[in-house]
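Here is a sequence with its predicted model. Questions after.
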Amino acid sequence: MHDDDDEVKEKGSGLSRRSFLKVSGISLSVPLVMGHRVIKVAGADVKMYGPGKVPLALTVNGKKYAAEVEPRVTLLEALRGDLDLTGSKRVCDRGTCGACTVIVDGKPAYSCSILAIEAQGKAVTTVEGLMQGDKLHPVQQAFIDNDAQQCGFCTPGFVVACKAFLDKNPNPTPEQVRHGLGGNICRCGTYVGIRAAVLQAAKGGR
């Protein structure tokens, strides 16, 4: 009887441990040299990308962009590093402060919490896309009128969040404004000015 563990066959399998390791090594290495593969998750086909860079096509502020990014790159990183759209700010990088807020298919979203490849095929709006030519968006103008920006680091995310909020709630009450902007943080504490800006923009819209 052979005592070498590497050559001992599993009962009923007809496969030695050495052969199993060789097969496993091949299986693990194949995805590293392929573009993408498809796996079954809960009965659905899911594409798996990486680990190298993959082509990326985004529609941001009505304009189409193309880049190559690693699958792990967030939408925020792609916007700032690859598309040179730096309005969205990287602050907490964990989806709590709202400084990186963008609008994705009509809904506000933290761009630090979305993979860039997940945003493909969707309409993305950043703070850079709110102006109409040289004219400020009403929310942007209201922020200036109510001195709601101070240091300005949280301002782009707040402006975008306010715009998305007013799109859904064009005639809000002060309490609705307070609740609707609860996902954004201002470390300067300019909440009074921000809420006044939203109410001014809503009034102007009416």
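Done, it's in.

Any figure for the gap between residue 100 and residue 193?
21 Å (CB to CB, to the nearest Å). Where C-beta positions appear, they are placed from N, C-alpha and C, glycine not excepted.

Give me the more crowded residue out of these two.
More crowded of residue 100 and residue 193, by other CB atoms under 10 Å: residue 100, with 29 against 19.

Just confirm that one contacts residue 90, I think it does.
Yes: assessed by CB atoms under 8 Å, residue 100 is found in contact with residue 90 at 6.2 Å.

List the residues that are in contact with both of the two.
Common neighbours of residue 100 and residue 90, counting by CB atoms under 8 Å, 6 or more residues apart in numbering, are 76, 112.

From residue 199, how far off is residue 148?
Distance from residue 148 to residue 199, by CB to CB: 11 Å.

and if you look at residue 122?
For residue 122, the distance to residue 199 equals 30 Å [CB to CB].

Equivalent analysis for residue 179, please.
For residue 179 relative to residue 199 (CB to CB), the value is 14 Å.

Show me which of these two is the more surrounded one.
Neighbour count, other CB under 10 Å: between residue 179 and residue 199, residue 199 has more, with 18 against 13.

On the three-state scheme, that one is what?
Following DSSP: H, G, I helix; E, B strand; the rest coil, we place residue 199 in the helix state.

Is it in contact with residue 174, as I believe?
Yes: if you go by CB under 8 Å, residue 199 and residue 174 touch, sitting 6.9 Å apart.

Walking through the protein, point out its helices one by one.
17-29, 75-77, 138-145, 155-168, 174-180, 191-205 (DSSP state H).

Can you lay out those as a markdown table showing distance to residue 62?
Shown next, in a markdown table, are the helices of the chain (distance: least, CB to CB, whole Å):
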| stretch | distance to residue 62 |
| --- | --- |
| helix 17-29 | 42 |
| helix 75-77 | 17 |
| helix 138-145 | 18 |
| helix 155-168 | 15 |
| helix 174-180 | 25 |
| helix 191-205 | 21 |
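
Identify whichever of the ones you listed lies nearest to residue 55.
With CB to CB, the closest approach to residue 55 among those belongs to helix 75-77: 15.6 Å.

who's in contact with that closest one?
So helix 75-77 is contacted by 69, 88, 90, 93, 100, 102, 111-112, 114-116, 118-119, 124 (CB under 8 Å, 6+ apart).

Kindly recompute the last result at 10 Å.
Contacts to helix 75-77, defined as CB atoms under 10 Å, 6 or more residues apart in numbering, come from residues 58, 60, 69-70, 83, 85, 88-90, 93, 99-102, 104, 109-119, 122, 124, 126.
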